[in-house]
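> need coordinates for the below:
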Amino acid sequence: MELIVAVFMAVFFAEMGDKTQLTTLIMSGCPFPRQVFLGAISALFLVTAMAVGAGRVVFELVPENIIVLTGGIFFLAVGIVAFFSRGSAEEDQRAIDCEKKAFTLTFSLVFLAEMGDKTQLTVMSFAAVSGRPLAVLAAAMAAQSINHGLAAFMGSKLLSRIPHRTVKTLSALIFLGLGILIIAFSWL
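Reported below is the predicted structural model:
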């Protein structure tokens, strides 16, 4: 159960205010939020499953103590980068033909935005460290479904009430805390 909670929290806060969620948020301007949500979740499932699979392979090939220590260092690095990143104002809100392309366009944008993203790497690390790929996949998808559901269905109202810097800081602190805990447990 601790693994599921840890994965859920890490993924939920990693996605909050991230470019992938902002992509879904931007697409929520289309009059078809259900198609936007389904496009985002389909892309996220594919990318997340790929990350879990890669993490499982690493778990089989690399000694557990090395995996745990590396995972902890990764979480610390993500926390440090998130804490000091300023974010960018490069979200492009071009006019889009939403009626016919909401699902396909959202799928494509989210898939490309998530490839190699910190959330995908986080999921890969959890799968490698835990050796429980299905639990990691389920927790990650639950977090992403809620996160992107809020973005798709509530649109800009959600993030406009939470200062972006607060979201980034909270995300950074969670990653730093997880990194410290993972490294501490690797020594036990």
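> quick check: chain neighbours aside, which residue is closest to Leu6?
For residue 6 the amino acid is Ala, not Leu. In space, not counting the residues next to it along the chain, Ala6 is nearest to Leu178; the distance is 6.6 Å by CB to CB, 6 or more residues apart in numbering. For glycine as for every other residue, the C-beta is placed from the backbone atoms N, C-alpha and C.
> which of the residues in the helix or strand Lys168 falls within are buried?
With secondary structure defined by DSSP states H and E, Lys168 is part of helix 164-186. Within helix 164-186, the residues that count as buried by 16 or more other CB atoms under 10 Å are Val167, Lys168, Ser171, Ala172, Ile174, Phe175, Leu176, Leu178, Gly179, Ile182, Ile183, Ser186.
> ok, stretch 79-86 next?
Taking 16+ other CB under 10 Å as the neighbour-count basis, stretch 79-86 is seen to contain the buried residues Gly79, Ala82.
> so what's the residue minimising distance to the centre of the chain up against?
Among the residues of the chain, the one closest to the centroid is Thr119, at 3.3 Å (CA atoms, centre = their mean). By CB atoms under 8 Å, 6 or more residues apart in numbering, Thr119 lies in contact with Val11, Ala14, Glu15, Asp18, Thr20, Ala140, Gln144.
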